[in-house]
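Participant: Got a predicted structure plus its sequence, pasted below:
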Amino acid sequence: MVIKKSEILAMLSVFILIATTATCLADCSVISVHYNERVPYLITTIDGIEGLTASPAALTLKKAGIPFIWKKTPTKRQMVVLKDNGGCDCLVGWFKNPDREKFAKYTHHIYQDNPQIALARSDNGRIRNSASVDSILSDPELILSVKAGYSYGHFLDSKITQHRPVIDRSAGENINMLRKIYHGRNDYLFISLEEADALIEFSGLPKKDFKYITFSDMPAGEKRYILCSQKVSDEIIDKMNIAITEYVLKK
């Protein structure tokens, strides 16, 4: 029997399609959960990755019966991974905003912060406690330290856009931003109360040299979510949401 060239090409195409599909299915049999060290949310311990967002995320995936592995990935790179949509990838503990919703799938929230505060040097007399967010952000003599590409939640993001304060954008982690404040290069940064305590302790800097600034108009803390690439199926997201409702939010 003579097989025509067109028939051979057709069979090869089918074979490639089957092989590709099998590879994709194999790749998506395990979720890659990306994280970077961030006390107290994501911490490497002798028992694995734990913390305020890491622990409920791991519990969610285990209770949902979804195999996963932790992958240590720089914070800025994580969002690029999700946008590229090259695999079944998820991130832990990020805020929700309209830009991210364009390319990411969100679960129910797994944690909610306390209201955000500002950290400043204790001897910085230009920042007073119980001031309004508007008054601090509109002061042209104060330098706000922010992480490049990072969201501080809808309320603060919109206020920063509105007032356009003097900003020092850092590609480094929060600990680097804290050191800039300690050495007087910047005036303040926004942070959750629970993270402030852990960050100062982790930095080794004297806690007495910092002050916590609360605000008269700061709303409730932002909710933190698991967000995943589009390749993570809706079925998996639904399983995670059921587990979050049953085992995380009911705690």
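Facilitator: It's in.
Participant: host element of Asp157?
Facilitator: Applying DSSP states H and E as the criterion places Asp157 in helix 154-163.
Participant: in its sheet, what does whichever helix or strand comes after that helix sit against?
Facilitator: Using DSSP H and E, the next helix or strand after helix 154-163 towards the C-terminus is strand 166-170. Using DSSP bridges, the strands paired with strand 166-170 in its sheet are strand 143-147 (parallel).
Participant: where does this protein have its least confident helix or strand?
Facilitator: helix 5-27 (a mean of 40; mean pLDDT, DSSP states H and E).
Participant: give the contact list for the spatially most central residue of the chain.
Facilitator: Closest residue to the average C-alpha location of the chain: Trp94 at 3.0 Å, with CA atoms, centre = their mean. Listed by CB atoms under 8 Å, 6 or more residues apart in numbering, the contact partners of Trp94 are Arg100, Ser151, Arg224, Tyr225, Leu227. All C-beta atoms are positioned from the backbone trio N, CA, C, and that covers glycine.
Participant: rerun at 10 Å
Facilitator: Trp94 sits next to 53, 75, 78-79, 82, 100, 104, 106, 150-151, 222, 224-227 when contact means CB atoms under 10 Å, 6 or more residues apart in numbering.
Participant: Pull out the buried members of those.
Facilitator: Taking 16 or more other CB atoms under 10 Å as the criterion, what is buried in these is 53, 75, 78-79, 82, 100, 104, 106, 151, 222, 224-227.
Participant: Output those in JSON lines, with secondary structure and distance to Asp123 appended to each entry.
Facilitator: Output for the buried ones among the contacts of Trp94, formatted as JSON lines (DSSP: H, G, I helix; E, B strand; the rest coil; distance: CB to CB, whole Å):
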{"residue": "Thr53", "secondary structure": "coil", "distance to Asp123": "33"}
{"residue": "Thr75", "secondary structure": "helix", "distance to Asp123": "30"}
{"residue": "Gln78", "secondary structure": "helix", "distance to Asp123": "36"}
{"residue": "Met79", "secondary structure": "helix", "distance to Asp123": "36"}
{"residue": "Leu82", "secondary structure": "helix", "distance to Asp123": "41"}
{"residue": "Arg100", "secondary structure": "helix", "distance to Asp123": "38"}
{"residue": "Ala104", "secondary structure": "coil", "distance to Asp123": "42"}
{"residue": "Tyr106", "secondary structure": "strand", "distance to Asp123": "42"}
{"residue": "Ser151", "secondary structure": "coil", "distance to Asp123": "30"}
{"residue": "Glu222", "secondary structure": "coil", "distance to Asp123": "30"}
{"residue": "Arg224", "secondary structure": "strand", "distance to Asp123": "33"}
{"residue": "Tyr225", "secondary structure": "strand", "distance to Asp123": "38"}
{"residue": "Ile226", "secondary structure": "strand", "distance to Asp123": "40"}
{"residue": "Leu227", "secondary structure": "strand", "distance to Asp123": "40"}
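Participant: ok, those vs Lys62, which is closest?
Facilitator: Ile226 (13.1 Å; CB to CB).
Participant: I'd like to know how far the closest one sits from Lys72.
Facilitator: The spacing between Ile226 and Lys72, counted by CB to CB, to the nearest Å, is 17 Å.
Participant: Of the contacts of Trp94, which is the nearest to Ser132?
Facilitator: Closest to Ser132 out of those is Glu222 (18.6 Å), distances taken as CB to CB.
Participant: measure the closest one to Ile175 for me?
Facilitator: Computed as CB to CB, the Glu222 to Ile175 distance reads 21 Å.
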